[in-house]
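# Let's see this in three dimensions:
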Amino acid sequence: MMHNSDHVDLPQQLIHSIHQALELNPDSISDSLDELSDEFKSVDVLNQLFPDEASLTQLEAVQGRLAEDERLLQQEILTLEDELGRDQDPSRIQLIQEMISDVLGQMSRIREKASESEAVVRNITKDIQNLDLAKKNLTTSMTTLKRLQMLGNALTQLEDQVREKRYGEAAQTLAAVKEISGAFKSYTTVPFIARLWKRVQQVTGEVRAQVDAEFEAFYLQDPSKQTRTSQITDACAVVDVLGLDVRTQLIERYVAIELKEYRRIFRANDEAGHLDNISRRFAWFRRLLTSHETEAGRVFPVEWRAGWWLFTKFVAITRDDLSTLLSKAGPSLTLKLLLETLQQTTEFESAMSKKWAAPLDEILRVASSPTAPVLPMTSAFEPHLGIFVEAQDKALADMLAPHRNPKTRGSLDAVTMPSTAGSTPRASLSADNREESTPIVMPSSTELFYFYAQSLEQCAKLSTDQALFDLYGVQKKWLKIYAEDVLLPTLRRPHTLTRKSLDAHFDAAELGRTCLVVNTADYCQRTASELEDKIKEKIAERFKEKVTLQMERDLFMSVISGAINCQLRELETACEGAFTALSRVNWSMPNQVTGYSAYVDDLVKVIEQVADQIKHLVEQKKFVRNFLDKACGLVLTRFTNALVKSRPLREIGAEQLLIDLGVLKSCLLKLPGETLSTSGYIRSLTKITTRLEALLKVIVTPVDPAEGFILNYTLLIGDASFSNFQKILDLKGTPKAEQNSLLDTFVTTASTKTELNSTSFLSSLDMDPPPTVTYGSPGASRVALPLVMTPSGGSDGALGVLNSPPSSGPPTGLSTEGTAAKGSEPGQKREVFSDIRRFVSFGLRRDTQPT
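Sure, this is the predicted structure:
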């Protein structure tokens, strides 16, 4: 049953048959209407007939051509139907069927004749096949009989050769017997073959017994009656034919006899076997090995490696003795005895490995059983190396004890702090006035890593397994202690001097100490990264993923953060007098502007002095940039707070402050210099000072007329905030009576200016600012010291209003792993531990370039 459908899919086989019947070639069809395909698309045909609107004028011609094509097709169909009718004549079809039947009959007869021919050929060649099989069996029988004869003769010959101890010939004959007898293994069910096979096994056993007796006599021979070594050498060839198990047995017997005296002399409970006599053991074996190589060992073939077997058995015996002695020693085992014994053992094993030009593991593997491998003698010390690690821990404690003790901190400062005259910094920082003996890092840090390098190299020679991992734990612990108990207490030093509020001087010693801490902490965190890489390079594979000093590096970065905060605290203290003078100025007194104020000189001078000393003493300039970024925010925050406190400002006061701000801005712009200045620093500083200038320019504008004053406010401040406008009036000192009228006018004017914002930077201006700006205390946390200064008033403080410049360098709280060291090429790995002397030279290096 067929379903009506707009589209009928013709099978490809049917389409192919139609093409053949109509003698059509699909590749040569140019008219898409002539193509038989189930992908026919009428729209594409119409687009070909009428490609554009102009072609529609040919509509009638196209219709005529299509009608002609239809007529021709119909005529062709009728012609084909007539031909098909003639071809389907019943008489013609019957004739075709009869011809097919005749062909099938002929094929059947041919098949029958072929079968008969095959049977005749098989019958003819039957005798030939039997003859071939007989020939094959006869050949096999003759070969087998010949082999039997050869085997019998070889056995007789072998018996004679062994009886006469002609082992060189016997080795070849025995090899031939084993090879020939292997061919009869599948015929052992034959009685004669079975008897012969038994005779082969019996003769082989006799050969082995006689060879064993020969070697036993050779091993136990009387030195006065030397056995012919050539005879034993020939016997070794027989042993190789007998098999590897026989060779192994003979070598083990030889080794046991040679080391029998060693077991007797160096028993663990005798004096000669004690740990302090380990060198006597090695000397004894060297003498034995020399005797072996010059005498008995010369008879053994090289491939037997008898010396390796002798050494391996010696290692196994000595290792067991060492394990017993070390366990019995217990707490009485001293580090000196342990290291001396281990060093001698390591040197001995290395000497043997060098002697045979082969790795120690390969020697022990070749000359031992796969089921019971022999371990090096040094492995016996592994469980007892905790003594070495404990000694390193104690040595580190003694090394850092003077630096951790508060009573000895003064002497430490005397070594590490630059000399100063009173509390006033040096007038010049030129090379002539520098202290040539001032280190840039604390000597204790270079001593610490020098010791780390020595202990790491020493431990790696002793063991790269658990002991080295335990040493890593000790070094990790003392890095943390050094940061917390040496560097941080340096920053938490209480102030001993009480400075007057108007004193513009600063404590140069305190500032120098913080710079020293910055350099030391940076050196420690960078060197700790390289220490981690060095440990991973040396430690066993199973511990590599557990080795990390990231927490310690982060801790040193937090120390740097705390030191920078201390520098900012010192800067704030030094600027306190100038800002106090600013906050106490009565701006209603002056009636004209005569230049910048007197306090500006002191402020600029102290800022430049503090910045110059820090730029000179801090080695890594990224930390100097970090300090300058924060110092800029601190100074402008304190300037804003003092400005607010000194209100009312009046027009003359605001104009004077604009001049003072310009001088301060010029100072801060020049502060970094060409090498440290960044576009971010300049952009942020300009943004803050621009806001302050806008604030002061509004205050400078007279309130009369009110419309002009309010228009200037909307242009400079750009908000419609009632409270912000009132802050301006309070800063300006406008009387309350006038404020009400101005506020009403402001509300009316602001309501018509829809483009104004609802808030501005004045929204967070604190009209009652805190006395000081607070920042993270170095002693507040031992893990993460804050870097960003926050005013005590939170986000409402002046600092939050004016936006401190962002850090121009990388955040000091982040790891600087991967940063290229000073003076090294980019991408070049800095190897601190490649030369231990660099630790000392680093601590004594001085900056000799004049500023």
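
# Against which helices or strands is the helix or strand containing Glu552 packed?
Assessed by DSSP states H and E, Glu552 sits inside helix 550-583. Helix 550-583 is packed against helix 466-481, helix 488-491, helix 508-538, helix 598-617, helix 621-645, with contacts defined by 3 or more CB pairs under 8 Å, 6 or more residues apart in numbering; DSSP states H and E. C-beta coordinates here come from the backbone N, C-alpha and C atoms, glycine included.

# For Thr248, find the nearest of those.
helix 466-481 (34.3 Å; CB to CB).

# what comes into contact with the closest one?
With contacts defined as CB atoms under 8 Å, 6 or more residues apart in numbering, helix 466-481 is touched by 382, 385-386, 388-389, 392-393, 396, 400, 404, 448, 452, 455-456, 459-460, 524, 528, 531, 535, 538-540, 543, 546-547, 549, 551-552, 555-556.

# again, only using 7 Å
382, 385-386, 388-389, 392-393, 396, 400, 452, 455-456, 459-460, 528, 535, 538-539, 543, 547, 549, 552, 555 (CB atoms under 7 Å, 6 or more residues apart in numbering).

# and what of stretch 540-551?
Residues from elsewhere that reach stretch 540-551 (CB under 7 Å, 6+ apart): 464-465, 469, 472, 476, 479, 528, 531-532, 535-536, 539, 815.

# Please repeat the previous calculation with a cut-off of 8 Å.
464-465, 468-469, 472, 476, 479-480, 528-529, 531-532, 535-536, 539, 815.

# Of those residues, just the buried ones, PyMOL syntax please.
Applied in PyMOL, the following selects the buried portion of those according to 16 or more other CB atoms under 10 Å:
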select buried, resi 464+468+469+472+476+479+480+528+529+531+532+535+536+539+815
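
# returning to what we had before: list only those of the contacts of helix 466-481 flagged as buried.
382, 385, 388-389, 392-393, 396, 400, 452, 455-456, 459-460, 528, 535, 538-539, 543, 547, 549, 552, 555.

# Could you give the average pLDDT over the helix or strand Thr346 falls within?
If you go by DSSP H and E, Thr346 is part of helix 335-356. Here helix 335-356 scores 89 as its mean pLDDT.

# Buried residues of that helix, list them for me.
So for helix 335-356, counting by 16+ other CB under 10 Å, buried means 337-339, 341-342, 345-346, 348-349, 352-353.

# re earlier: need the helices and strands packed on helix 550-583 in TSV with distance to Val315 and mean pLDDT, can you?
Shown next, in TSV, are these (distance: least, CB to CB, whole Å; pLDDT from 0 to 100):
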stretch	distance to Val315	mean pLDDT
helix 466-481	20	94
helix 488-491	51	88
helix 508-538	24	93
helix 598-617	58	93
helix 621-645	55	93
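
# Would you convert the ones you listed into TSV that also reports distance to Lys687?
Output for these, formatted as TSV (distance: least, CB to CB, whole Å):
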stretch	distance to Lys687
helix 466-481	41
helix 488-491	32
helix 508-538	28
helix 598-617	19
helix 621-645	10
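
# Need the single longest helix in this structure, by residues.
With secondary structure taken from DSSP state H, the chain has its longest helix at helix 90-163.

# Let me see the mean pLDDT of that one.
83.

# buried residues in the next helix or strand after that helix?
Note on helix 90-163: by DSSP H and E, the next helix or strand toward the C-terminus is helix 167-182. By neighbour count on 16+ other CB under 10 Å, the buried set for helix 167-182 is 167, 169-177, 180-181.

# Nearest to Asp245, out of the residues you listed: which one, please.
Looking across these and measuring by CB to CB, the closest to Asp245 is Leu174, at 15.4 Å.

# my guess is the closest one meets Val239, correct?
No: shown here, Leu174 and Val239 do not form a contact pair, counting by CB atoms under 8 Å, at 10.2 Å.

# Distance from the helix or strand harbouring Arg65 to the middle of the chain?
Following DSSP H and E, one finds Arg65 within helix 59-87. Put simply, helix 59-87 sits 82 Å off its chain's centre (CA atoms, centre = their mean, to the nearest Å).

# how big is the angle separating it from helix 90-163?
Relative orientation of helix 59-87 and helix 90-163, computed by axes from the mean of the first three to the mean of the last three CA atoms, to 10 degrees: 80 degrees.
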